[in-house]
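# Fold the following and give me the result.
(one chain, ligands or ions: 1)
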Amino acid sequence: MSIAWTRLPFRFEDEADYTRRLQAWIGEAFYERLPAAGYQVREEQIYFAYRVAAALHSGRPILAEAGSGTGKTFAYLLPAICHARLHGRPVVVATATPALQQQLAGPDGDAAALSRLLDLEVDARVALAPEDVVCDLRVEGAGRGLAGGRRIAGRTALLRWAASSATGVRSEHPGASDDLWRLVAWNGDCRCDTCPRRGYCRLTRAREHGRGAADLVVCSHDLVLQDTLGRDRLPPGRLPVLPPFSGVVFDEGHRVAIAAQRAAGSSLAVGAVLEAVRGVAAQGVRLRLIRCIETAEEAVQAFAAALAAASEPDSGGPRRGVRPEAALAAAARVLRTALDRLQDEMAVEEGLHEETAYAQRLSTYATRMDAAQAALTGLGDPARVAWLEKQEGAAEEVLWVVPRDLGPIWRRAMPPRTPLAFSSATLAGPDGSFAYAAASLGLRDALGARVGVPFRLARQVVCYLPRDAVAADGADFWSRVAPRVAEVLAATGGRALVLVPDAGALRELRACLDGPGRLLWEGDAAPEALLREFASDVGSSLVASNFWEGIDVPGATLSAVVIPRLPLPGPDPVVEARRQAAAAAGQDPAAAVDIPDMTLRLKQGVGRLIRLESDRGVVAVLDARASGGALGAAVEAALPAGARRVRTLGPVRRFLEAGAEAPVRAAERGAGRGSG
Ligand code: SF4
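Numbers count the residues shown, from 1 in each chain. Have a look, this model is predicted:
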């Protein structure tokens, strides 16, 4: 064990002594030093910190759940900083959202606050994905008009900024759309290994800055997973983005599984492959190459048709399943062979045109075809699951082929005994266990820690589960539930967040709900603008399918969370793969997957209600399945323990009227995207 004696905030004799001293120091920080600076003592937070500290030191993964308001960021940062200093290597703190990265490592962020309050001089730096930084060569090329293509609004302003910015980091020019940003950003086609700017450009500087962190490297889930899983595929001379590290804390840990599957999987966009195949053609190429291009083009088109035929219809969820049909497997085989032959011919062509722009272009296309080949190879493999997905800002749907079991990924990505801590407000299932989260992540021997919220939810929340709730079966569900939603909104005076399971449900409800009060609908404006409007217009209600988590609207403006229909998972291919794994293990898929998945989502939604000690509000669940049976038990587990359950709207009105007389500190924090 390498020991950085002078940098730890305490001295110790040996390993057992380290654990004791660390606990004592954490206790002193939370019981004395932070309260002296105005922070409240929260036993939940201190327990959480002790458990994370013990897990980091033991090298075992931990799933750690702490509700909103616990202060879990400080609680994992203190042990993480000590762990980094003990081992002389930083701890990676990975998040799902850039906002949380700023909250952690920004100039006024949590690491800076701990530095100031505990005399720690924490060195925390954000490590950026290369795609979020400009490539100097591409900036110059775009400036000279080499990027070509259509004129995009804002191009001149972007190029002016990109030419003069000291850092070239995307967050400095937030107005740039994805299309615009692509003109100047680094991408996989950049040939850094042969670039004359190598070692001096802004991307190099950004990378060196992140790699130099002594205590904490803050980055996205995607970055840490792609960087660690891709180390063995790095081109010669290219360093990983992250430095050697001593552990990883995943904040927003409930969102890691999908990021890990993507990082370990392969993707293929039909349009991009077609573009690469067609791009190979150049004036005066050999006849043999032209024939290969034509064959590959036909094979891409045949594959696209087979893929469309094997795809599940859009169910309103984020992903569409792809059935393992024989015709698709055959089309994939034909395309692989065609791309193989084309790539052989491209290699000959590269040799004939060495050191030319054409050879460089061929090499870029070959890289894209390699990625497509990986996806084609995995298609039909029973150990993999395939889905189609159109991500925000993307030009086309992408085929993902990813491993079902994430267990081997952690062994591949992380050196042995690298501690992994997954922190979130929602990880435990309806029985309080972490079985579902652990299975989703492929963790076999994870520890678990769970603490409640420091709020007095029994006094702050009333749960409305109507006696005559709405039966969930039938195609007319939304027209039957809409008047019941309206009743609740009338009782709460608006001020409600109405959460529906998916985009399809949002459309259905919109067709039959028109008030009372002003309704704001997700999709009518950018999320930030909608949230600002919702927060400032106190009587309005916001209806959404994507705000179950990640939004923070404190105060009276969000006095009710209305859930018309339980968010059981739909025909999502990822969930379906989990169901199949549960069935193969002899479990009931509904009990092992659907109900825990729904419970986590419900807990996330309910967690939007109480963000401050002064908040009060109502959770209304209008789906008849919320009472009785296994679903009813799961709903009970997701609702605040001890909060009054009522069956009619009279007590809801009285509860909110009584709350209106209590002081409401709505201005304590602004609304926005948040964590937990
Ligand atoms: S080294 Fe890479 S990122 Fe830097 S200027 Fe060259 S090609 Fe662009």
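
# where does the stretch 1-150 of the chain have low pLDDT?
Applying pLDDT under 70 to the stretch 1-150 of the chain flags residues 1-6, 145-150.

# could you pull out the helices for it?
15-28, 34-36, 43-58, 72-87, 98-105, 110-118, 136-143 (DSSP state H, counting those that start in this stretch).

# Identify the residues contacting Cys634.
Careful, residue 634 is Ala and not Cys. Pro430, Ile595, Pro596, Met598, Thr599, Leu602 (Cβ atoms under 8 Å, 6 or more residues apart in numbering). For glycine as for every other residue, the C-beta is placed from the backbone atoms N, C-alpha and C.

# What of Gly188?
The contact partners of Gly188, taken as Cβ under 8 Å, 6+ apart, are Thr367, Arg368.

# Give me the distance between it and Ala475.
Distance of Gly188 to Ala475, computed by Cβ to Cβ, to the nearest Å: 45 Å.

# Could you identify the helix or strand that succeeds the longest helix belonging to the chain?
Longest helix in the chain by number of residues (criterion: DSSP state H): helix 326-352. The first helix or strand that comes after helix 326-352 along the chain, using DSSP states H and E, is helix 357-378.

# I'd like the next helix or strand past that next one.
Using DSSP H and E, the helix or strand that follows helix 357-378 in sequence is strand 384-389.

# Surely Val562 is in a helix?
No: secondary structure assignment places Val562 outside any helix; it is strand (DSSP: H, G, I helix; E, B strand; the rest coil).

# That one and Leu499 touch, don't they?
Yes: counting by Cβ atoms under 8 Å, Val562 touches Leu499, with 7.1 Å between them.

# When the two are compared, which one has more neighbours?
The neighbour comparison of Val562 against Leu499 (other Cβ atoms under 10 Å) goes to Leu499, with 27 against 23.

# Phi first, then psi, for that one.
Note on Leu499: its backbone torsions stand at phi -110, psi 120 [degrees, to the nearest 10].

# for the nearest residue to it once chain neighbours are set aside, what are its contacts?
With sequence-adjacent residues excluded and distances taken as Cβ to Cβ, 6 or more residues apart in numbering, Leu499 is closest to Gly605, at 4.8 Å. The contact partners of Gly605, taken as Cβ under 8 Å, 6+ apart, are Leu497, Leu499, Trp548, Glu549, Val561, Ile563, Pro567.

# Counting neighbours, which of these comes out on top?
For the contacts of Gly605, the largest number of neighbours (other Cβ under 10 Å) sits with Leu499, at 27 neighbours.

# does that residue really touch Arg565, like I thought?
No: Leu499 is beyond contact range of Arg565, at 9.3 Å (criterion: Cβ under 8 Å).

# Next, find the distance separating Ala585 from Phe434.
Distance, Ala585 to Phe434, using Cβ to Cβ: 16 Å.

# which residues touch Ala214?
Contacts for Ala214 (Cβ under 8 Å, 6+ apart) come out as Arg7, Ala84, Pro90, Asp123.

# if we go to 10 Å?
4, 7, 81, 84-85, 88-90, 121-125, 243 (Cβ atoms under 10 Å, 6 or more residues apart in numbering).

# swap in Arg625?
By Cβ under 10 Å, 6+ apart, the contact set of Arg625 is 469-473, 565-566, 568, 598, 631-632, 634-635.

# Pull the distance from stretch 249-258 to the chain's centre.
7 Å (Cα atoms, centre = their mean, to the nearest Å).

# how far out from the middle of the chain is stretch 539-550?
Distance, centroid of stretch 539-550 to centroid of chain: 18 Å (Cα atoms, centre = their mean).

# State the helix or strand in which Ala449 lies.
Assigned by DSSP H and E, Ala449 belongs to strand 447-451.

# Which elements pack onto that strand?
helix 43-58, strand 62-66, strand 420-424, helix 435-441 (3 or more Cβ pairs under 10 Å, 6 or more residues apart in numbering; DSSP states H and E).

# What's the mean pLDDT across it?
Averaging pLDDT along strand 447-451 gives 95.

# Could you tell me the angle between it and helix 43-58?
Between strand 447-451 and helix 43-58, the angle comes out at 170 degrees (axes from the mean of the first three to the mean of the last three Cα atoms, to 10 degrees).

# Neighbouring strands - and their directions - for strand 447-451?
strand 62-66 (parallel) (DSSP bridges).

# what is in contact with Val562 and Leu499 at once?
In contact with both Val562 and Leu499: Val543, Gly605, using Cβ under 10 Å, 6+ apart.

# any idea how far the residue most central in space within the chain is from Phe422?
In the chain, the centroid-proximal residue (Cα atoms, centre = their mean) is Ala96; its distance is 3.7 Å. Note on Ala96: its distance to Phe422, by Cβ to Cβ, is 12 Å.

# Identify the contacts common to those two.
Common neighbours of Ala96 and Phe422 are listed as Phe250, Asp251, Glu252, Gly253, His254, Arg255, Val256 (criterion: Cβ under 10 Å, 6+ apart).

# From the chain's centre, how far out is stretch 586-600? Work that out for me.
Its chain's C-alpha centre and that of stretch 586-600 lie 21 Å apart, by Cα atoms, centre = their mean.

# where in the stretch 301-450 of the chain is pLDDT low?
Residue ranges of the stretch 301-450 of the chain with pLDDT under 70: 392-393.

# what about the residue of it found nearest the ligand, how many neighbours?
Nearest residue of the stretch 301-450 of the chain to the ligand: Gln360, at 11.1 Å (Cβ to the nearest ligand atom). Neighbours of Gln360 under the rule other Cβ under 10 Å: 15.

# Surely it is in contact with Gly279?
No: with contacts counted by Cβ atoms under 10 Å, Gln360 stays clear of Gly279, the gap being 11.9 Å.

# Just the C-alpha atoms of stretch 389-409, please, in PDB.
Extracted as PDB, the C-alpha positions of stretch 389-409 are listed here (Å, rounded to 0.1, in the frame of the first residue of the first chain):
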ATOM      1  CA  GLU A 389     -32.800   3.900 -30.300                       C
ATOM      2  CA  LYS A 390     -32.900   7.400 -31.500                       C
ATOM      3  CA  GLN A 391     -31.000   9.600 -29.100                       C
ATOM      4  CA  GLU A 392     -31.700  13.300 -28.600                       C
ATOM      5  CA  GLY A 393     -30.100  15.300 -31.400                       C
ATOM      6  CA  ALA A 394     -29.100  12.200 -33.400                       C
ATOM      7  CA  ALA A 395     -29.800  12.200 -37.200                       C
ATOM      8  CA  GLU A 396     -31.100   8.600 -37.300                       C
ATOM      9  CA  GLU A 397     -32.000   5.500 -35.200                       C
ATOM     10  CA  VAL A 398     -29.000   3.500 -34.100                       C
ATOM     11  CA  LEU A 399     -28.800  -0.300 -33.700                       C
ATOM     12  CA  TRP A 400     -27.200  -1.200 -30.400                       C
ATOM     13  CA  VAL A 401     -25.900  -4.800 -29.800                       C
ATOM     14  CA  VAL A 402     -24.800  -5.100 -26.100                       C
ATOM     15  CA  PRO A 403     -24.000  -7.800 -23.600                       C
ATOM     16  CA  ARG A 404     -26.900  -9.000 -21.400                       C
ATOM     17  CA  ASP A 405     -24.700  -9.700 -18.400                       C
ATOM     18  CA  LEU A 406     -22.600  -6.800 -17.000                       C
ATOM     19  CA  GLY A 407     -20.700  -9.000 -14.600                       C
ATOM     20  CA  PRO A 408     -17.700  -9.600 -16.900                       C
ATOM     21  CA  ILE A 409     -17.600  -5.900 -17.800                       C
END
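
# still on that earlier bit, can you flag the buried ones in the contacts of Arg625?
With neighbours counted by 16 or more other Cβ atoms under 10 Å, the contacts of Arg625 contain buried members at Ala469, Val470, Ala472, Arg565, Leu566, Leu568, Met598, Leu631, Gly632, Ala634, Val635.

# Ala163 against Gly141, yeah?
No: in this structure, Ala163 is not within contact of Gly141 by Cβ under 10 Å, at 11.8 Å.

# Return every residue with contacts to both of those two.
Val184.

# tell me the contacts of the residue of the stretch 301-450 of the chain closest to the ligand?
Asp189, Arg191, Thr194, Glu350, His353.
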